[in-house]
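K.L.:
give me a 3D structure for the following:
(one chain, ligands or ions: 1)
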Amino acid sequence: MSNASLSPILKQATPVVVDHAAGSWIHGTDGRDYLDFTTGIGVTSTGHCHPDVVAAAREQCGKIIHAQYTTVMHQPLLELTDKLGDVVPAGLDSVFYANSGSEAVEAALRLARMATGRQYIVTVQGGFHGRTVAAASLTTAGTKFSAGFGPLMPGVATTAFPGALRLGMSEDDAVDYALKEFDYLLATRIDPKELAGVVIEPFLGDGGYAAVPQRYLAGLRERTERHGALLVLDEVQAGCGRTGKFWGHQHTEGLTPDVLITAKGIASGFPISAIAAPRAVMEKAWPGSQGGTYGGNAVAAAAGVATLGVIEREGLVENARVRGEELLAALRAELSGVGESAQIAEIRGTGLMIGIEFGDPSANAGTPDSAEGARLAAAVQKACIDEDLLTLTCGPTGNVVRIIPPLVVTAEEVRTGAERFGRAVRRVVEA
Ligand code: PMP
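P.N.:
Below you'll find the predicted structure:
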């Protein structure tokens, strides 16, 4: 018998052991076929094992696997940079590569401080930016991500999130309130002359699958610009087509970040991440502050090139928009008759980033303090598995079920998924 096993504190959301997977489907060693609406937490954008991605990675494995890009350059990274140039916002023409979202967040954080010569970073309640210590210091999607190993990195402050449901306000009022709180933070705690940047996801991911109101993002853009600070957008989960636009922030007209962070969906499952910024900003990073053994790995970069090619050729951004609308409508129809005991507070989504929040739906009693909401979400996520549908929960108390299909999901799979979800909710309510 082996004397090693996985860490006992790791939690697995499903009992599934994968035998193989293709497109939207995971085939378990238990002989069951699961419709995968988790995509490895928003990673397998082109579906599992897209033939073009598999072919590109296979071919690259036979050429060079690890070139180490600060030792020798390799072609996939040059190609990926070239291809990223077609999709990153105008002006963000300089790219640095790492392996994970957290590492890219840290690179953006270092850059913001070095480029401005200032120390303070402001993040927004409910944001998730990673698990490394600095990234965890920016993360407020739940205390479990930062409790127990403090002190966290200093120089970080958190500002209010304009969450209309939780605040019990209209969206307009919530945005006014949150922008006022931001200004108040700069009047009471952080002198704007010391503000390096604001780091925010354009759509809250792990913090609850909720859109950040566009007027709030625009308000932060105006304020960061006015104060000479950088707006850093964490597009790790919302980027690469997930919301029906290539980047989540493109739903806000005219918005351009100073630094954009991407990972997850960019290479369909191979670990690679990147930050993009104007060359003039990137040049201000101190020599030696960017690098790493594995960053921009050749096989991952080749998979990234293939992924961007598939997204473009197969029109996957548009597919995400259309299938997302269908899925949202189908879920609403499925759940319209389940009754009040299901405590569905909100069914929301943009593109294929869809959240079903559980909790007392009456005004101002939403979440995150609804224990019943968290119980229901967990029960529904489990019942989905019995229906051969894989989903995840999220939100500070786990009271949101998140649905993250691959961008290749078909109309039929959307219908199947919504039906299975509806059956899962009814199972829980009727239990
Ligand atoms: N930022 C966002 C928005 C994320 O969703 C995540 C991962 N869930 C991260 C950063 C961290 O990425 P990683 O797990 O690859 O370090």
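K.L.:
what's whatever helix or strand residue 27 lives in packed up against?
P.N.:
Per DSSP states H and E, residue 27 falls inside strand 25-28. Identification of packing neighbours for strand 25-28 by 3 or more Cβ pairs under 8 Å, 6 or more residues apart in numbering; DSSP states H and E yields strand 18-22, strand 33-36. For the C-beta atoms, the positions are set from N, CA and C on the backbone; glycine is no exception.
K.L.:
can you redo those as TSV with mean neighbour count and distance to residue 162?
P.N.:
Listed next are the helices and strands packed on strand 25-28 as TSV, based on neighbours: other Cβ atoms under 10 Å; distance: least, Cβ to Cβ, whole Å:
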stretch	mean neighbour count	distance to residue 162
strand 18-22	13	38
strand 33-36	21	32
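K.L.:
can you redo those strands as JSON lines with distance to the ligand?
P.N.:
What follows is these, written out as JSON lines (distance: least, Cβ to the nearest ligand atom, whole Å):
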{"stretch": "strand 18-22", "distance to the ligand": "19"}
{"stretch": "strand 33-36", "distance to the ligand": "17"}
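K.L.:
how about whichever residue of the stretch 301-431 of the chain sits closest to the ligand, phi and psi?
P.N.:
Evaluated by Cβ to the nearest ligand atom, the stretch 301-431 of the chain has residue 394 as its residue closest to the ligand, separated by 9.3 Å. Residue 394 adopts backbone torsions of phi -160, psi -170, taken as degrees, to the nearest 10.
K.L.:
next: the one 4 residues further on.
P.N.:
Torsion angles at residue 398 (phi, psi; degrees, to the nearest 10) stand at phi 80, psi 30.
K.L.:
let's have the helices and strands packed on strand 25-28 in TSV, adding mean pLDDT.
P.N.:
Output for the helices and strands packed on strand 25-28, formatted as TSV (pLDDT from 0 to 100):
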stretch	mean pLDDT
strand 18-22	98
strand 33-36	98
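K.L.:
may I see those strands arranged in JSON lines, with distance to residue 170 as well?
P.N.:
Shown next, in JSON lines, are these (distance: least, Cβ to Cβ, whole Å):
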{"stretch": "strand 18-22", "distance to residue 170": "43"}
{"stretch": "strand 33-36", "distance to residue 170": "36"}
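K.L.:
re the thing from before, mind listing what the strand holding residue 27 pairs with, with the direction of each?
P.N.:
strand 18-22 (antiparallel), strand 33-36 (antiparallel) (DSSP bridges).
K.L.:
okay, it in CSV with CA atoms only?
P.N.:
Provided in CSV are the C-alpha atoms of strand 25-28 (Å, rounded to 0.1, in the frame of the first residue of the first chain):
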residue,chain,number,x,y,z
TRP,A,25,-18.9,15.9,-21.3
ILE,A,26,-16.9,14.1,-18.6
HIS,A,27,-17.0,10.3,-18.7
GLY,A,28,-16.4,8.9,-15.2
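K.L.:
which pLDDT value does the model give residue 396?
P.N.:
At residue 396, the model reports a pLDDT of 91.
K.L.:
so it sits against residue 141, correct?
P.N.:
Yes: using Cβ atoms under 8 Å, residue 396 makes contact with residue 141 at a distance of 6.2 Å.
K.L.:
give the residues shared as contacts by the two.
P.N.:
Shared contacts of residue 396 and residue 141, defined by Cβ atoms under 8 Å, 6 or more residues apart in numbering, comprise 126, 207-208.
K.L.:
of the residues you listed, closest to the ligand?
P.N.:
Nearest to the ligand among the shared contacts of residue 396 and residue 141, with distances taken as Cβ to the nearest ligand atom, is residue 207, at 8.8 Å.
K.L.:
which ones are touching that closest one?
P.N.:
Taking Cβ under 8 Å, 6+ apart as the definition, contacts of residue 207 comprise 125-128, 140-142, 161, 201, 394-396.
K.L.:
same thing with residue 161?
P.N.:
124-127, 178, 204, 207, 212 are the contacts of residue 161 under Cβ under 8 Å, 6+ apart.
K.L.:
quick one: the residue of the stretch 301-431 of the chain closest to the ligand from residue 1, how far?
P.N.:
36 Å (Cβ to Cβ, to the nearest Å).
K.L.:
which one's more surrounded, these two?
P.N.:
Taking neighbours as other Cβ atoms under 10 Å, residue 394 and residue 1 compare with residue 394 leading, 26 against 3.
K.L.:
so what's the more buried one up against?
P.N.:
Neighbours of residue 394 in contact, by Cβ under 8 Å, 6+ apart: 141, 205-209, 355, 400, 402.
K.L.:
make CSV out of these and add distance to the ligand, secondary structure and pLDDT.
P.N.:
As requested, the contacts of residue 394 are arranged in CSV below (distance: Cβ to the nearest ligand atom, whole Å; DSSP: H, G, I helix; E, B strand; the rest coil; pLDDT from 0 to 100):
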residue, distance to the ligand, secondary structure, pLDDT
141, 9, coil, 96
205, 4, coil, 97
206, 5, coil, 97
207, 9, coil, 96
208, 12, coil, 95
209, 11, coil, 97
355, 13, strand, 98
400, 14, strand, 96
402, 11, strand, 98
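K.L.:
skipping adjacent residues, who's closest to the residue of the stretch 251-400 of the chain found nearest the ligand in space?
P.N.:
In the stretch 251-400 of the chain, the residue that lies nearest the ligand is residue 263 (5.2 Å; Cβ to the nearest ligand atom). The shortest distance from residue 263 to any non-neighbouring residue, by Cβ to Cβ, 6 or more residues apart in numbering, is to residue 273 (3.4 Å).
K.L.:
surely the one you found meets residue 260?
P.N.:
No: Residue 273 sits out of contact with residue 260 when judged by Cβ under 8 Å, with a separation of 11.3 Å.
K.L.:
per-residue pLDDT, residue 341?
P.N.:
pLDDT at residue 341 comes out at 83.
K.L.:
what about it, how many residues nearby?
P.N.:
Residue 341 has 11 nearby residues by other Cβ under 10 Å.
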